[in-house]
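Participant: Sequence first, then the predicted structure:
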Amino acid sequence: MPGKVYLIGAGPGDPGLLTLKGKAVLERADCIVYDYLANPALLRFARPEAECIGVGKHGTQPRLSQEEINELMVKKAREGLLVARLKGGDPFVFGRGGEEARELVKAGIPFEVVPGVSSGHAVPAYAGIPVTHRELASSVSFITAHEDPAKEVSLDWSRIAATTGTLVLFMGVTRIRETIQELLEHGRDASTPVAVIRWGSLPDQQVVTGTLAELAGRAERFRPPAIIVVGEVVKLRDQLNWFEQLPLFGKRIVITRAREQAGVLREMLEELGAGVIEIPTIAIRDPVSWEPLDGAIQRLEQFHYLLVTSANGVRSFLRRLWACGRDVRDLKGLIIGAIGPATAAEFAKIGIKVDFIPKEYRAEGLLDCLAGRDLRGQAFLIPRAKVARDLVPRVLAERGARVEVVEAYETVTPVFAPEELERLLTPPPDVITFTSSSTASNFARLFPGQPLSAVLRGTAVGSIGPITSATLRKLGLEVTFEARQSTIPGLVEAIEEYFRD
């Protein structure tokens, strides 16, 4: 029995413009076939075991022909797979989605279309250009400058040039001189405003404006992918250029957090206009055995305190709580301490308010919260990573407490091919962020035998707090800035201040 193919519009580039249905399909897909214009960041929604196949890059890079792409979709669907065909923009707006759908019909393959946000109106919007305006343009025409040469009827340039509305030209940048010439020869005023928008909606968006006459003489400067907008609405860019005014627009910022934890930091940076590069130096995995943690959970009544030093620790602890047939009611009577707001927030998701959070979000802060308490004979349960600082259990034991540290998860260093790391760090990013000592140490392990100061030459180093900063200095890096509050919002604030200064 054949599988199914979903033709999904990936939008113009900004990952946030993917539709909810598109995301849902990517999360279920067995195989994702994606174009170079579909932002590869969208692949983070794929299941770990899903097969992701890129079908070509722009320029001189190898790419599959349309016929080969059609055959690939049919082949994978006939294997019984759910195939997500991820296409830039909208699949039915100059995306050849109609051709692919017809091939699927011929092959008897079930399919659905998941429309996307079209580049035709989204890219101009990110450049501050509304394609229609009550006073300036009551219509908009979407035109492709690349026609099928076998087609019987071609573009009527006399009608196109005569329209008083906005023209949006897809795939026209390689023929921009010829396109402008056609418009001028068929009567379009040479003083008509024009904008060429490259990589629209992405942090490296580039916009060039001028008149038809001016841009005709500068055509050799433009490279695909780009959208061309012709019309009076281009004048509004000076007033409405919102995207490029975002505080971190155009800045390339590296995140080294585990991929499972990077979401909030990535989203906050992207909302400020940054281009985020993910180099996760930590991968979270289950411990070799759950037996120590499960055993402690079965004896919860024997403990007085539960101390958790990471959100991962909370998630693992609660998961095993339920796996052991217990629930939140069994936490009654425990004094719960969390190292920071993010850790406390994991408890809050199930309606539990922690008893204390230190002012300084580090191990020393937890100990400060317990200062002045008589801890002799008090039992502490600390579920945490396999490798962690021993400061808290050591000091508690010195004060007479009984401390049981159990492994709730393990952190490992992911493997990156050297050429992949070179690609991610070329050109040098503006900032690299470190949110723990582990991210710093593991990043160093990715470059054995190389001084990190040379690897990150020209890149500002941002640290979440003093412990992480101390580790970075031991690794030979100069810390450019440090968050005043050791939280993700505090780190983002520090990045903003760095570029503002």
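Facilitator: Good, I have the coordinates.
Participant: Going by neighbour count, which residues in stretch 214-229 are buried?
Facilitator: 215-216, 219, 222, 225-229 (16 or more other C-beta atoms under 10 Å). Quick note: C-beta positions are derived from backbone N, CA and C, even for glycine.
Participant: Could you give the average pLDDT over it?
Facilitator: What stretch 214-229 shows for mean pLDDT is 82.
Participant: Contacts for that stretch, please.
Facilitator: Here stretch 214-229 makes contact (C-beta atoms under 8 Å, 6 or more residues apart in numbering) with 37, 58, 88, 119-120, 123-124, 127, 129, 131, 166-174, 176-177, 179-181, 184, 194-200, 208, 210.
Participant: domains of this structure?
Facilitator: 4-116, 121-243, 252-282+414-500, 288-410 (automatic domain parsing).
Participant: what separates stretch 491-501 from the chain centre, distance-wise?
Facilitator: 20 Å (C-alpha atoms, centre = their mean, to the nearest Å).
Participant: Not counting that stretch itself, show me its contacts.
Facilitator: 247-248, 251, 253, 265, 268-269, 272, 431, 433, 435, 460, 462, 464, 480-485.
Participant: What about those, which are in strands?
Facilitator: In this view, the contacts of stretch 491-501 that belong to strands under DSSP state E are 253, 431, 433, 460, 462, 481-482.
Participant: Neighbour-wise, which one of these leads?
Facilitator: Thr433 (27 neighbours; other C-beta atoms under 10 Å).
Participant: Tell me the bridge partners for that residue.
Facilitator: Beta-bridge pairing for Thr433 (DSSP bridges): Ile255, Gly462.
Participant: Need the pLDDT of it.
Facilitator: Confidence score, pLDDT, at Thr433: 98.
Participant: Arg252 is in contact with that one, correct?
Facilitator: No: the pair Thr433 / Arg252 is not scored as a contact, 11.7 Å apart, by C-beta atoms under 8 Å.
Participant: taking the contacts of stretch 214-229 one by one, which sit in strands?
Facilitator: Counting by DSSP E, those contribute 166-170, 194-198, 208, 210 to strands.
Participant: Could you give me the ChimeraX syntax to select whichever of the residues you listed are buried?
Facilitator: A single ChimeraX command suffices to select whichever of the ones in strands among the contacts of stretch 214-229 are buried according to 16+ other C-beta under 10 Å:
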select :166,167,168,169,170,194,195,196,197,198
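Participant: Dump the buried residues of stretch 214-229 to a markdown table, plus distance to Trp242 and secondary structure.
Facilitator: As requested, the buried residues of stretch 214-229 are exported to a markdown table (distance: C-beta to C-beta, whole Å; DSSP: H, G, I helix; E, B strand; the rest coil):
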| residue | distance to Trp242 | secondary structure |
| --- | --- | --- |
| Leu215 | 23 | helix |
| Ala216 | 29 | helix |
| Ala219 | 28 | helix |
| Phe222 | 23 | coil |
| Pro225 | 21 | coil |
| Ala226 | 20 | strand |
| Ile227 | 17 | strand |
| Ile228 | 21 | strand |
| Val229 | 16 | strand |
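Participant: Grab the nearest non-local neighbour of Gly231.
Facilitator: Thr166 (3.8 Å; C-beta to C-beta, 6 or more residues apart in numbering).
Participant: Surely the one you found touches Ser141?
Facilitator: Yes: applying C-beta under 8 Å, one finds Thr166 in contact with Ser141, separated by 7.2 Å.
Participant: So in the protein, which strand runs the longest?
Facilitator: strand 402-412.
Participant: Let me know how buried Ile297 is, in neighbour terms.
Facilitator: 22.
Participant: Wait, it touches Asp327, no?
Facilitator: No: Ile297 is beyond contact range of Asp327, at 11.0 Å (criterion: C-beta under 8 Å).
Participant: Now the common contact residues for those two.
Facilitator: Leu321.
Participant: quick one: Ala274 from Ala323, how far?
Facilitator: Counting by C-beta to C-beta, to the nearest Å, the gap from Ala274 to Ala323 is 39 Å.
Participant: Which parts of the stretch 201-350 of the chain are strands?
Facilitator: Taking DSSP state E, counting those that start in this stretch to define them, one finds strands in the stretch 201-350 of the chain at 206-211, 226-230, 252-255, 275-278, 283-285, 305-308, 335-338.
Participant: Enumerate every residue touching Leu307.
Facilitator: 336-337, 366, 380-382, 392 are the contacts of Leu307 under C-beta under 8 Å, 6+ apart.
Participant: mind listing what Val123 touches?
Facilitator: Per C-beta under 8 Å, 6+ apart, neighbours of Val123: 12-13, 197, 200-201, 227.
Participant: rewinding a little: of the buried residues of stretch 214-229, which pair is most distant in space?
Facilitator: Spatial extent of the buried residues of stretch 214-229 (C-beta to C-beta) is set by the pair Ala216 and Pro225 at 20.5 Å.
Participant: quick one, what contacts the nearest residue to Leu272 once chain neighbours are set aside?
Facilitator: Using C-beta to C-beta, 6+ apart and skipping residues adjacent in sequence, the residue nearest Leu272 is Leu248, 4.1 Å away. Leu248 sits next to 203, 269, 272-274, 495-496, 499 when contact means C-beta under 8 Å, 6+ apart.
Participant: Which two among these are spaced furthest apart?
Facilitator: Longest span within the contacts of Leu248, C-beta to C-beta: Pro203 and Glu496, 14.9 Å.
Participant: And the contacts of Leu307, which is closest to Ser453?
Facilitator: Val392 (32.3 Å).
Participant: Tell me how confident the model is about stretch 347-362, as a mean pLDDT.
Facilitator: Mean predicted confidence for stretch 347-362 is 90.
Participant: Under the pLDDT cut-off, which ranges of the stretch 101-250 of the chain? List them.
Facilitator: Counting by pLDDT under 70, the stretch 101-250 of the chain shows low-confidence ranges at 146-153, 219-220.
Participant: Helices of that one, start to end?
Facilitator: 119-126, 157-162, 176-185, 212-216, 237-240 (DSSP state H, counting those that start in this stretch).
Participant: Relative to Glu68, which of these is closest?
Facilitator: Across these, Glu68 has its closest neighbour in helix 119-126 (24.1 Å, C-beta to C-beta).
Participant: Run the angle between the closest one and strand 226-230 for me.
Facilitator: 80 degrees (axes from the mean of the first three to the mean of the last three C-alpha atoms, to 10 degrees).
Participant: one step back: from the contacts of Leu248, which would you call buried?
Facilitator: The neighbour count (16+ other C-beta under 10 Å) marks 203, 269, 272-274, 495 as buried among the contacts of Leu248.
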